[in-house]
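Engineer: Here is my input; please provide its structure:
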Amino acid sequence: MEQETLDNSPAQFLTNLLTIQCLLLQANEGAILRLSSDKKVEVLTLYSPSNGKPAWIVQSVESITKALSTDNVIVTPHASLNILTIRLNMNDLNQAVAVFLVETGDRKALETKCRTLQLAIRLVNLTETRISQHGKPGDLRRFQQAMETLSTINNQDQFTQIAMAFCNEVASQWQCERASIGFLKDRYIHLRAMSHTEDFSRKMEIVQNIESAMEECLDQDVEVLSPAPEGAAYISRAADELSKRYNSLTVLSLPLRRNGKVFAIVTLERPANRIFNHEEIETLRLTCELCSARLADLYEHGRWFGATMAIKARDYMAKIAGPKQTTAKFTVIICAGIILFLIFAKGQFRVETPFALEATFQQVIPSPFDGYIKEVDVEVNEPVEANKTVMAILDTAELRLQLAAAKAENARYLKQSTAALQDRKIAEAYIARANADKMTAEIDLLNYQLSRADIVSPISGIVTKGDLKRQIGAPVKTGDVLFEVSPLESLRAELLVPEDDIYDIQPGQEGQMATASFPGKRIKFLVEHINPVAEVVNQRNVFKVRVNLQESYTWLRPGMEGVARVSIGKRRYAWIWTRKIVNWARMKLWI
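Structural biologist: Here you go, the predicted model:
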């Protein structure tokens, strides 16, 4: 079938151009306008089902000036539709624009139509430039073939339909006996469509031969023609085999690329007497470039959800394994390593809680008699030795006077007893003797009290209570507490464990503590007893846990505070660092 003769007149060219563009955009109406030197708008050609000048063209006049200053598409709302305006950079047409009335649709569809319109106008400009440079009259026909093929596949929404439409249109435009397209899958080409053939099996010999020719083109990433011209640098064994098996056909395989990578191969077959010339190959190359985006989109997104996700995951993994984006890959590896470490690595889990030191027992030193403080020789936090260090002295002047009076009374009673015996007054003698014994006991008590006037500690330790230097001369009564002394070796600590951590604490566990005054010193301890009843401390429920210190230091004092950590055991780091958040979520969500 011979090709139709193309009308080369400018008016016919503009009409054909406008018609093709309206079909591509699925526009309701379209027009090519030109702005004359006196700023009047001239309609060069019109694509409209109605007769006369449509009303929407009047509104598009306002955007002509703006469109002439840019290569972008100017979008102007018109009722429920949109007017698309773009400049035509053609040598024979100055100050000309193309306008189209299209349905609004969603934003994504509108952006797609704008890109398609820009691409079509640029192809027109490119074709005109080539015609003007090389003077080839067939270029316009080749451009029309490419645009008609693109228009055909744009009318399809399903992958199977678009692949079949592409093969049928290519076979029809270039008069091929068979046109086939295969897509790359797992490093191999799988035939997906064949012109004028709705059903075929990959086990068929013809299908396997065509796929072999396609993979030969894929491996070399170049167009393969059989019979190959003289001086060809590519290998065409599979294509030659396909040609010989089926009546010496002329075989041409072209790669379809997206983002610089081959994703499909087109193989054309036609009689041996109709060899593909250079112009036809260029036209086919242009057609493949125009149709690649649409075919790739439907191939990737026209599948079920699982297959689409698998392809995206494979592409993502290919980027990760590729030689590019080293920083991002290194970051991913580090993050993955950290996550794996947190999940599988184990560390010592410790419960952290405040503590306070306290003495096991305290020695109370009271006043031995009623009197007055005469002298104080120690202060709180000073060490004392058992029965050696004089801590304070009580005033004994009054006791000495009482002792002298008691001695005088004792002598008087002894004389009375002696005189009564001489006078043979036995009863009076016994009474006087009893009073003398009474005074003797009182003298002994006074002597004992005088011996206790120097206050000493019965144990060695630290003075924890008894700041009396400001009370010299003050009266004291028998039994009043003057000092409290605690032995250093009897110190222990009391931990205040929060209720959300008490479950992990058990008697016998070890730990370390550090005081606020010496944070660099670590003191080992052993858990001894857990108070089973919670107490409120600082508006928080805590359990008091008593621990024994395994080490003793001279600088330790009762009442010191700090932080203690009880060693619970080995746990995964992810559990250690997230347990509080997980427990909080469980309480809030009641999991």
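
Engineer: can we go C-alpha only for contacts and neighbour counts from here?
Structural biologist: Fine.

Engineer: show me where pLDDT drops low in the stretch 301-450 of the chain?
Structural biologist: Residue ranges of the stretch 301-450 of the chain with pLDDT under 70: 302-308, 311, 315, 318-322, 324.

Engineer: mind listing the helices in it by residue range?
Structural biologist: Ranges of helices in the stretch 301-450 of the chain, per DSSP state H, counting those that start in this stretch, are 305-321, 326-344, 397-422, 426-451.

Engineer: wait, residue 82 sits on residue 102?
Structural biologist: Yes. Contact status for residue 82 versus residue 102: in contact at 5.5 Å, counting by C-alpha atoms under 8 Å.

Engineer: nearest to residue 565, of the helices of the stretch 301-450 of the chain?
Structural biologist: Residue 565 lies closest to helix 326-344 among the helices of the stretch 301-450 of the chain, at 21.5 Å (C-alpha to C-alpha).

Engineer: of the helices of the stretch 301-450 of the chain, which approaches residue 381 most closely?
Structural biologist: Closest to residue 381 of these, according to C-alpha to C-alpha: helix 426-451, at 26.2 Å.

Engineer: Direction included, what does the following helix or strand past the closest one pair against?
Structural biologist: Remark: after helix 426-451, the chain's next helix or strand is strand 454-456, criterion DSSP states H and E. The pairing partners recorded for strand 454-456 under DSSP bridges are strand 390-394 (antiparallel).

Engineer: In terms of pLDDT, where does the nearest residue to residue 120 once chain neighbours are set aside sit?
Structural biologist: What sits nearest to residue 120 in space, not counting adjacent residues and going by C-alpha to C-alpha, 6 or more residues apart in numbering, is residue 21, at 7.3 Å. Per-residue confidence at residue 21 stands at 79 (pLDDT).

Engineer: residues near residue 21, how many?
Structural biologist: Neighbour count for residue 21, taken as other C-alpha atoms under 10 Å: 22.

Engineer: After the helix or strand encompassing it, which helix or strand is next?
Structural biologist: Residue 21 belongs to helix 10-25 when assigned by DSSP H and E. Next in sequence after helix 10-25, counting helices and strands by DSSP H and E, comes strand 29-35.

Engineer: what angle sits between that next one and helix 10-25?
Structural biologist: 130 degrees (axes from the mean of the first three to the mean of the last three C-alpha atoms, to 10 degrees).

Engineer: State the paired neighbours of strand 29-35 in the sheet, together with their directions.
Structural biologist: Strand pairing for strand 29-35, determined by DSSP bridges: strand 41-47 (antiparallel), strand 93-103 (antiparallel).

Engineer: Please save the CA atoms from the shortest one in CSV.
Structural biologist: Spelled out, that is strand 41-47. Taking Å, rounded to 0.1, in the frame of the first residue of the first chain, the C-alpha atoms of strand 41-47 are listed here in CSV:
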residue,chain,number,x,y,z
VAL,A,41,-5.3,39.0,16.2
GLU,A,42,-5.6,37.0,13.1
VAL,A,43,-7.0,33.4,13.1
LEU,A,44,-4.8,31.3,10.8
THR,A,45,-6.6,28.0,11.2
LEU,A,46,-9.3,26.6,13.4
TYR,A,47,-10.3,23.2,14.8
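
Engineer: List the buried residues for it?
Structural biologist: 41, 44-47 (16 or more other C-alpha atoms under 10 Å).

Engineer: what's the offset of it from the middle of its chain?
Structural biologist: Centroid separation between strand 41-47 and its chain, computed with C-alpha atoms, centre = their mean, to the nearest Å, is 58 Å.

Engineer: I'd like to know the average pLDDT value across it.
Structural biologist: Here the average pLDDT along strand 41-47 is 81.

Engineer: For that strand, which outside residues touch it?
Structural biologist: 11, 14-15, 18-19, 22, 29-36, 61 (C-alpha atoms under 8 Å, 6 or more residues apart in numbering).

Engineer: Swap in 10 Å and give it another go.
Structural biologist: For strand 41-47, the external contacting residues (C-alpha atoms under 10 Å, 6 or more residues apart in numbering) are 11-19, 22, 27-36, 52-54, 57-58, 61, 64, 93, 95-100.

Engineer: Give me the distance between the most centrally placed residue in the chain and residue 367.
Structural biologist: The residue lying closest to the centre of the chain (C-alpha atoms, centre = their mean) is residue 335, at 9.8 Å. To residue 367, residue 335 is 71 Å away according to C-alpha to C-alpha, to the nearest Å.

Engineer: Quick check: bridge partners of residue 350?
Structural biologist: residue 567.

Engineer: Next, count neighbours for it.
Structural biologist: Neighbours around residue 350, by other C-alpha under 10 Å: 19.

Engineer: got it, and residue 254?
Structural biologist: 24.

Engineer: Could you do residue 532 as well?
Structural biologist: 10.

Engineer: what sits against it?
Structural biologist: 502, 543-545.

Engineer: Equivalent analysis for residue 460, please.
Structural biologist: Taking C-alpha under 10 Å, 6+ apart, we find residue 460 in contact with 363, 383-389, 485-488.

Engineer: Mind doing that once more with 8 Å?
Structural biologist: 383-386, 485-487.

Engineer: Among those, name the buried ones.
Structural biologist: For the contacts of residue 460, a burial check counting by 16+ other C-alpha under 10 Å picks out 383-384, 485-487.

Engineer: Turn these into TSV, columns for distance to residue 455.
Structural biologist: Output for the buried ones among the contacts of residue 460, formatted as TSV (distance: C-alpha to C-alpha, whole Å):
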residue	distance to residue 455
383	15
384	12
485	12
486	16
487	18
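
Engineer: could the contacts of residue 532 be laid out in JSON lines, adding secondary structure, pLDDT and neighbour count?
Structural biologist: Listed next are the contacts of residue 532 as JSON lines, based on DSSP: H, G, I helix; E, B strand; the rest coil; pLDDT from 0 to 100; neighbours: other C-alpha atoms under 10 Å:
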{"residue": "502", "secondary structure": "helix", "pLDDT": "90", "neighbour count": "17"}
{"residue": "543", "secondary structure": "strand", "pLDDT": "93", "neighbour count": "22"}
{"residue": "544", "secondary structure": "strand", "pLDDT": "92", "neighbour count": "20"}
{"residue": "545", "secondary structure": "strand", "pLDDT": "93", "neighbour count": "21"}
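
Engineer: Any chance of those in TSV with distance to residue 377 as columns?
Structural biologist: As requested, those are exported to TSV (distance: C-alpha to C-alpha, whole Å):
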residue	distance to residue 377
502	46
543	40
544	37
545	37
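
Engineer: State the phi and psi torsions of the residue lying farthest from the centre of the chain.
Structural biologist: Largest separation from the mean C-alpha position in the chain: residue 423, at 116.1 Å (C-alpha atoms, centre = their mean). Residue 423 has phi and psi values of phi -80, psi 10 when expressed as degrees, to the nearest 10.

Engineer: Residue 387 too?
Structural biologist: In terms of degrees, to the nearest 10, the main-chain angles of residue 387 are phi 60, psi 20.

Engineer: Derive a PyMOL selection command for the buried subset of the contacts of strand 41-47.
Structural biologist: Burial among these is assessed by 16+ other C-alpha under 10 Å; the matching PyMOL selection reads:
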select buried, resi 14+15+16+17+18+19+22+27+29+30+31+32+33+34+35+57+61+64+95+96+97+98+99+100
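
Engineer: roughly how far out does the helix holding residue 21 sit from the chain middle?
Structural biologist: The answer for helix 10-25 is 53 Å, by C-alpha atoms, centre = their mean.

Engineer: could I have that helix exported to CSV, CA atoms only?
Structural biologist: These are the backbone C-alpha positions of helix 10-25, laid out as CSV (Å, rounded to 0.1, in the frame of the first residue of the first chain):
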residue,chain,number,x,y,z
PRO,A,10,1.5,26.2,4.6
ALA,A,11,-2.3,26.3,5.3
GLN,A,12,-2.7,22.6,5.0
PHE,A,13,0.4,22.0,7.2
LEU,A,14,-1.0,24.3,9.9
THR,A,15,-4.4,22.5,9.7
ASN,A,16,-2.8,19.1,10.0
LEU,A,17,-0.6,20.3,12.8
LEU,A,18,-3.5,21.7,14.7
THR,A,19,-5.6,18.6,14.2
ILE,A,20,-2.8,16.3,15.5
GLN,A,21,-2.2,18.4,18.5
CYS,A,22,-5.9,18.5,19.3
LEU,A,23,-6.1,14.7,19.1
LEU,A,24,-3.0,14.4,21.3
LEU,A,25,-4.5,16.7,24.0
